[in-house]
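# I need the structure of the sequence given here:
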Amino acid sequence: MKHGRKTWTFLLCGVLTAGTLAAQPSRSPDARTLSSCKNCHRDKFAALEHNPHTVLADEDRQQDTGETIVCRNCHGDVAAHVRGGSGRHGVFAFREEPVVERNAKCLACHRKDHPNFDRGPHALAGLACTSCHQQHAAHPATTLLRQPAGPPDVERLAASSRVCFECHSEQFALFDLNEHHRLREGVLECTSCHDPHEPATRSLLGGFKQQQCIACHTDKGGPFVFEHPAARVEGCTACHSPHGSPNRHLLAHERVAELCISCHAEIPQFHIGFSATAPSRFGLDTQCTNCHSQIHGSNFSPFFLR
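Purely as a prediction, here's the structure:
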């Protein structure tokens, strides 16, 4: 009797266990693959928790892309890599692939934001998106920009300016001059004037030079009845050095007369004088703006007089 009771008890437990196992849903192949990704790349997934690319895990996004594994959006089919256990096995790792292919991967999602990137100076110089951005970084406020180490004065810069410093150290040196735009003080960033994703127009400024400057220096923009021709043709940088200068007002020449004569080589006779023996009435030390004070433009005088 006791033996029979033990037998029935054993059979009953077996039925319950089998039923319980049958009731548990088996994980899909994608779920198992994603779990394998997390096991090896925990640091990447931890960073992605605070990364804009977490949008790839949204159900609506996955329905649009057809990708239920977030990694596949950028790295391609990772199944062979997971099965192999080591080696890339066709995974797009962004390390050794050609720059054009790396950029194409990023632009597959970001083309709407940067439609002209392929024609910009950075793309034409052979730089990849990953030259400036870290796709797994955990600092979304900086648009995933890399944060290179540098001198203390560089590390105090805004994130977008710090990443520019690596390649454009010559321009950064100009910000140490006594007259400079307030980049190191945090008033401006490189991207305040330059768009790194757009084609370079007019000496790498993101728009006609005078238009870019007028965004801040509105009083110099007019419209004027009589415009300074340089503003229409060459822009503000015909006279000013935008990053920094040893001269006041960021002028390209120390003496104002030298600056003016660099374009206005034909000087009216009455500026020089009518005597063949007397010294010239005006020279390189002359302050042209003493008379031509409305030099950016005037509504009253074609010669920019008061």
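# list the buried ones in stretch 29-43?
Thr33, Leu34, Ser36, Cys37 (16 or more other Cβ atoms under 10 Å). (C-beta placed from N, C-alpha, C; glycine too.)
# hang on, isn't Gly244 packed against Glu179?
Yes. Using Cβ atoms under 8 Å, Gly244 is in contact with Glu179, at 6.4 Å.
# more crowded one of the two?
When Gly244 and Glu179 are compared on other Cβ atoms under 10 Å, the one with more neighbours turns out to be Gly244, at 20 against 15.
# on the pLDDT front, check that one for me.
Looking at Gly244, its pLDDT is 95.
# before we move on, what about the one 5 residues further on?
We note a pLDDT of 93 for His249 in this prediction.
# which residues touch it?
Glu179, His240 (Cβ atoms under 8 Å, 6 or more residues apart in numbering).
# doesn't it lie inside a strand?
No. Counting by DSSP: H, G, I helix; E, B strand; the rest coil, one finds His249 to be helix, located in no strand.
# look up how far Lys220 lies from it.
Plainly put, His249 is 11 Å away from Lys220 if you go by Cβ to Cβ, to the nearest Å.
# now do Gln134
Look at Gln134 and Lys220: by Cβ to Cβ, they are 39 Å apart.
# as a markdown table, the buried residues of stretch 29-43 with pLDDT, secondary structure and distance to Gln269 would be great.
Shown next, in a markdown table, are the buried residues of stretch 29-43 (pLDDT from 0 to 100; DSSP: H, G, I helix; E, B strand; the rest coil; distance: Cβ to Cβ, whole Å):
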| residue | pLDDT | secondary structure | distance to Gln269 |
| --- | --- | --- | --- |
| Thr33 | 86 | helix | 85 |
| Leu34 | 85 | helix | 84 |
| Ser36 | 87 | helix | 86 |
| Cys37 | 88 | helix | 81 |
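# which positions within stretch 291-298 qualify as buried?
His292, Gln294, Ile295, His296, Gly297, Ser298.
# from the chain's centre, how far out does it sit?
Chain-centre distance of stretch 291-298: 37 Å, with Cα atoms, centre = their mean, to the nearest Å.
# one step back: with distance to Ala173 added, can I get the buried residues of stretch 29-43 in CSV?
Converted to CSV, the buried residues of stretch 29-43 look like this (distance: Cβ to Cβ, whole Å):
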residue, distance to Ala173
Thr33, 50
Leu34, 48
Ser36, 49
Cys37, 45
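# and the residues you listed, which is closest to Val187?
Nearest to Val187 among the buried residues of stretch 29-43: Cys37, at 43.6 Å, using Cβ to Cβ.
# hmm, that closest one is touching Val82, no?
Yes. At 7.1 Å, Cys37 counts as touching Val82 under the criterion of Cβ under 8 Å.
# hang on, the earlier thing: residues shared between the contacts of Gly244 and Glu179?
Common neighbours of Gly244 and Glu179 (Cβ under 8 Å, 6+ apart) are Leu250.
# one step back: which two in the buried residues of stretch 291-298 are spaced the farthest apart?
Longest span within the buried residues of stretch 291-298, Cβ to Cβ: His292 and Gly297, 11.4 Å.
# touching both of those two, which residues are there?
Phe304.
# next, the distance between the ends of stretch 122-131.
10 Å (Cα to Cα, to the nearest Å).
# shaky segments in the chain?
Under the criterion pLDDT under 70, the flagged ranges of the chain are 1-27, 85-86, 140-141, 201-209.
# got the domain ranges for it?
72-131, 209-298 (automatic domain parsing).
# so how far is the first one off the chain centroid?
Spelled out, it's domain 72-131. Using Cα atoms, centre = their mean, the mean C-alpha position of domain 72-131 is found 17 Å from that of the whole chain.
# end to end on it, go ahead and measure it.
The first residue of domain 72-131 is 21 Å away from its last residue (Cα to Cα).
# okay, helices next: where are they in the stretch 151-300 of the chain?
Ranges of helices within the stretch 151-300 of the chain are 152-155, 159-165, 169-174, 209-214, 229-233, 256-261, 269-272, based on DSSP state H, counting those that start in this stretch.
# and of those helices, who's closest to His110?
Minimum separation from His110 across these (Cβ to Cβ) falls at helix 159-165, 16.4 Å.
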